[in-house]
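Peer 1: sequence unavailable; structure follows:
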């Protein structure tokens, strides 16, 4: 992005036109930053969840959801920024109940949380930390900085109102965001929330490794952990 507002993408220029995937019948639309700044991603996610919830009772527009979704046992999951969004949607669910929907738990994989001050053994190099903040400011031009509650919800008093009873946080040993994932879990347990939080750390791997190596041993083990987490009450 240039100072005059012009935008030039050096990679990732292709987008998918809005429509149905012929293989899955899932409707999707690519929404890119910075044309759609924060909180657009959170607003879109909440709108999508409300649309799913509209099928409770079997009266929604999508027949598959009417027939097969168990609204009494719902989970939210996301990787990286998606994990950040899953957390915020769970907070919103705790405050604004959706009729018929019981959010049991969330899975946060390599969550994109950050803050002005390093936590634990998190990298302290000002130049490296500035790079993370630059990315955040790119997608959220009006942000107050790295302690903005959107990117740093960990010290927010609202943790106790998380609208589920189970949380699984997955981190990777070589990921720069690893420490904030551990910190989130620790703070959640001490917040008065009252649910159960679990951690899984994958050794020798970096940020969202499972997306690049989905069949590797570590990715398979992570998938099995997530499946066990969701199915343990069945």
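Peer 2: Cool, got the structure. Because the structure is a prediction, the values reported are computed rather than measured. Numbers count the residues shown, from 1 in each chain.
Peer 1: just want the most central residue of the chain.
Peer 2: Central residue check for the chain by Cα atoms, centre = their mean: the C-alpha nearest the mean position is that of residue 83, 1.6 Å away.
Peer 1: just list what the strand or helix carrying it packs against, helices and strands only.
Peer 2: For residue 83, the host element (DSSP states H and E) is helix 81-95. Packing partners of helix 81-95 (3 or more Cβ pairs under 8 Å, 6 or more residues apart in numbering; DSSP states H and E): helix 40-53, strand 74-79, strand 103-109. For the C-beta atoms, the positions are set from N, CA and C on the backbone; glycine is no exception.
Peer 1: which neighbouring elements make contact with the shortest one?
Peer 2: If contacts are counted by 3+ Cβ pairs under 8 Å, 6+ apart, strand 74-79 sits against helix 81-95, strand 103-109.
Peer 1: what residues of the last one count as buried?
Peer 2: Just to be clear, that refers to strand 103-109. Neighbour-count burial for strand 103-109 flags 103, 104, 105, 106, 107, 108, 109 (criterion: 16 or more other Cβ atoms under 10 Å).
Peer 1: before we move on, the earlier item: what's the most buried one of the helices and strands packed on helix 81-95?
Peer 2: The highest average neighbour count among the helices and strands packed on helix 81-95, using mean count of other Cβ atoms under 10 Å, belongs to strand 103-109 at a mean of 24.
Peer 1: check which element follows that strand along the chain.
Peer 2: Going down the chain from strand 103-109, the next helix or strand is helix 126-139, by DSSP H and E.
Peer 1: quick check, pLDDT for residue 208.
Peer 2: As summarised for this prediction, residue 208 has a pLDDT of 97.
Peer 1: report how many residues lie close to it.
Peer 2: Other residues within reach of residue 208, judged by other Cβ atoms under 10 Å, total 18.
Peer 1: same thing with the one 10 residues further on?
Peer 2: For residue 218, the number of neighbouring residues by other Cβ under 10 Å comes to 16.
Peer 1: would you mind measuring from it to residue 39?
Peer 2: When Cβ to Cβ, to the nearest Å is the yardstick, residue 218 and residue 39 sit 33 Å from each other.
Peer 1: neighbours of the closest residue to residue 145 other than its chain neighbours, how many?
Peer 2: With Cβ to Cβ, 6 or more residues apart in numbering as the criterion, residue 145 has its nearest non-adjacent residue at 6.4 Å, and that residue is residue 116. If you count neighbours by other Cβ under 10 Å, residue 116 ends up with 11.
Peer 1: contacting residues for residue 116?
Peer 2: 145, 146, 147, 152 (Cβ atoms under 8 Å, 6 or more residues apart in numbering).
Peer 1: contacting residues for the residue nearest to the centre of the chain?
Peer 2: By Cβ under 8 Å, 6+ apart, the contact list for residue 83 reads 77, 107, 108, 109, 110, 111, 112.
Peer 1: from residue 55, how far out is it?
Peer 2: Distance from residue 83 to residue 55, counting by Cβ to Cβ: 25 Å.
Peer 1: same check, this time on residue 73
Peer 2: Residue 73 is 15 Å from residue 55, by Cβ to Cβ.
Peer 1: these two: who's more crowded?
Peer 2: Comparing residue 73 with residue 55 by other Cβ under 10 Å, the one with more neighbours is residue 55, at 21 against 15.
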